[in-house]
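Student: next come a sequence and a model predicted from it.
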Amino acid sequence: MKPGIKDVAKVAGVSPTTVSRVLNNRGYISEETRKKVYDAMEEINYYPNEIARALLNNRTYFVGVIVPTVTSPFHGEVVEQIEYYLSQKNYKMLLCNSKNQMDTEKAYIDMLRRNQVDGMIVGTHNAVVEAYSKLKMPVVGIDRYLGEHIPVVSCDNYAAGQMATRHLIDKGCQHILCIRGNSKLKMPGNNRSQAYIQEMEKAGLPQIILEVPFIMENVEKQKLIYDMLNAHPEIDGIFAGDDSLAVIALHIVRQKGINIPKDLKIIGVDGTKQILGFVPELTTIQQPIKQIAKAAVDKLIDLIEGKPAESCMDLPVKLLEGQTT
C-alpha cells in the first residue's frame, strides 16, 4: 500500500494539516518544520500526486523563466537562484533561452502561454514589451520594464553608476569612458549611465560614452572598445556597464601595454561568482543576485495567489574594490 499524508505526518511528528500546508505552500511554516516534512517524505518514499494537486488548486505549479542568454554570468547566476527559490515554494521552472532573438522570445511567450504556466519571470533585452502587457497571467521583470502594471525587480542601478563613477574620480581619473548598453531600450540598467553623466557634470569632467549593445558578439564588442581607446588616448578610467564588458576592456588594455591601475583604472558591475572566480582582481559594484531572485519569485507567487505586489524594487549594491582601481 502506498504511503499517504497521514504516514508522512506520523514520521515527521506533525499533523496531516501541516503536511498539506507544506505541500501546497499555504500559511506560515517554519524552515525546521518544512525540513521535517520533506525528510519524512524521503524516508517513507512518499511522492505527492502533482496532477491531483494542480487540479485541486487550479494551477500547474510551473513558472516560465525567459533570459537573453544562459552564457551570461549574471543571468546564469540569477536563474540558478530563481530555480532554488521556486523549489522552496513547490514550483518548477521552465527555462527559455531567447538567444537575444525577438522572434525566439515571442515563440517562447506563446509556448508558455499555451502550456498554461502559472506565471513568468523575464529578464530579456529585446524590445518585445507589448507581448507581455497582453498576457492574462502574472509576470515579473528582472532589470527590465515590461509594461505599466508589471512589477520589476533590479538592483539600485543609479546608485551603482554613481558609486562606480565617484570611485574612479576619487582615485584621480579625469577622462572616464562609460561603456553602456542600448540606451533606446527602456531598462533600469540605463540608470547606471545616467548617474555617470550627472556625476561627471558635477565634477566638471568631460563625458566619453560608448554604446555597446548587449546582443552584440564579443568580437564586435572588442573592436568597438579597442577603437574607442585608440580614438581617445587620454582615457584614464573605464566604467563598464557590466563585468563581462569590464573583462573585455581589461584584456584590451593589457594587450596595449597600459599599466593597470597606475595609468588606467577599470570598474564593472555585477560581481558574479563566475567573473570573480576567474578575474578576482576586478573592482566591481556587486548586485545582490540572491535577493533579486528571491524578490522576483516572492512577487510572482504573490500575484499568482491574487495578492498585490509592489511595482518596483531597487535593491542595494556594494563596492568590491580589487586591484584594477
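Tutor: Ah, there it is.
Student: next SSE after the helix or strand of the chain with the lowest mean pLDDT?
Tutor: Lowest by mean pLDDT, DSSP states H and E among the helices and strands of the chain is helix 50-57, with a mean of 56. Counting by DSSP states H and E, the next helix or strand C-terminal to helix 50-57 is strand 62-67.
Student: quick one: contacts of that next one?
Tutor: 75, 78-79, 82-83, 86, 91-98, 105, 108-109, 112, 115, 117-124, 300 (C-beta atoms under 8 Å, 6 or more residues apart in numbering). The C-beta positions use only the backbone N, C-alpha and C, and glycine is treated the same way.
Student: show me these that map onto helices.
Tutor: Among the contacts of strand 62-67, the members found in helices (DSSP state H) are H75, V78, V79, I82, E83, L86, E105, Y108, I109, L112, L300.
Student: pretty sure L94 is touching G119, no?
Tutor: No - contact criterion C-beta atoms under 8 Å: L94 and G119 do not qualify, at 11.0 Å.
Student: write the PyMOL selection for whichever of the contacts of strand 62-67 are buried.
Tutor: Buried members of the contacts of strand 62-67, defined by 16 or more other C-beta atoms under 10 Å, are picked up in PyMOL with:
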select buried, resi 75+78+79+82+83+86+91+93+94+96+97+98+105+108+109+112+117+118+119+120+121+122+123+124+300
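Student: what does the pLDDT read for the residue nearest the centre of the chain?
Tutor: Nearest to the mean C-alpha position of the chain, by C-alpha atoms, centre = their mean, lies V78 at 4.6 Å. Per-residue confidence (pLDDT) for V78: 97.
Student: cool, and V279?
Tutor: pLDDT for V279: 97.
Student: neighbours of the nearest residue to it once chain neighbours are set aside, just the number please.
Tutor: With sequence-adjacent residues excluded and distances taken as C-beta to C-beta, 6 or more residues apart in numbering, V279 is closest to V247, at 5.6 Å. Using other C-beta atoms under 10 Å, the number of residues around V247 comes to 20.
Student: look at V247 and give its secondary structure.
Tutor: Assigned with DSSP: H, G, I helix; E, B strand; the rest coil, V247 falls in the helix class.
Student: quick one: it from G322, how far?
Tutor: 12 Å (C-beta to C-beta, to the nearest Å).
Student: any shared contact partners between those two?
Tutor: By C-beta under 8 Å, 6+ apart, the residues touching both V247 and G322 are L282.
Student: can you give me the end-to-end distance of stretch 178-189?
Tutor: The straight-line separation of the ends of stretch 178-189 (C-alpha to C-alpha, to the nearest Å) is 13 Å.
Student: pull out the buried positions in that stretch.
Tutor: C178, I179, R180, G181, N182, L185, M187, P188, G189.
Student: need the contact list for the fourth one.
Tutor: For G181, the contacting residues are H125, M187, G189, N190, E211, V212, P213, F214, G241, D242, taking C-beta under 8 Å, 6+ apart as the criterion.
Student: run the last query once more with 10 Å
Tutor: 125, 187, 189-190, 192-193, 211-216, 241-242, 245 (C-beta atoms under 10 Å, 6 or more residues apart in numbering).
Student: now swap in the last one and tell me
Tutor: Listed by C-beta under 10 Å, 6+ apart, the contact partners of G189 are 125, 143-144, 154-155, 157, 160-161, 180-182, 214, 241-242, 269.
Student: among the residues you listed, which one has the most neighbours?
Tutor: A160 (30 neighbours).
Student: backbone dihedrals for that one, please?
Tutor: phi -60, psi -50 (degrees, to the nearest 10).
Student: contacting residues for it?
Tutor: Applying C-beta under 10 Å, 6+ apart, we find A160 in contact with 154, 189, 191-192, 195-196, 239, 241, 268-270, 284-287, 314, 316-319.
Student: remind me which residues of this structure are low pLDDT?
Tutor: 49-57, 125-128 (pLDDT under 70).
Student: how about 80 then?
Tutor: Within the chain, the segments meeting pLDDT under 80 span 1-2, 23-27, 47-58, 125-130, 133, 310.
Student: what ranges do the helices span in it?
Tutor: Counting by DSSP H, the helices of the chain are 5-12, 16-24, 31-43, 50-57, 73-88, 102-114, 130-133, 157-170, 191-203, 218-231, 243-255, 273-278, 289-304.
Student: tell me what the last one is packed against?
Tutor: Right, helix 289-304. strand 62-67, helix 73-88, strand 119-122, strand 139-142, strand 152-155, strand 312-315 (3 or more C-beta pairs under 10 Å, 6 or more residues apart in numbering; DSSP states H and E).
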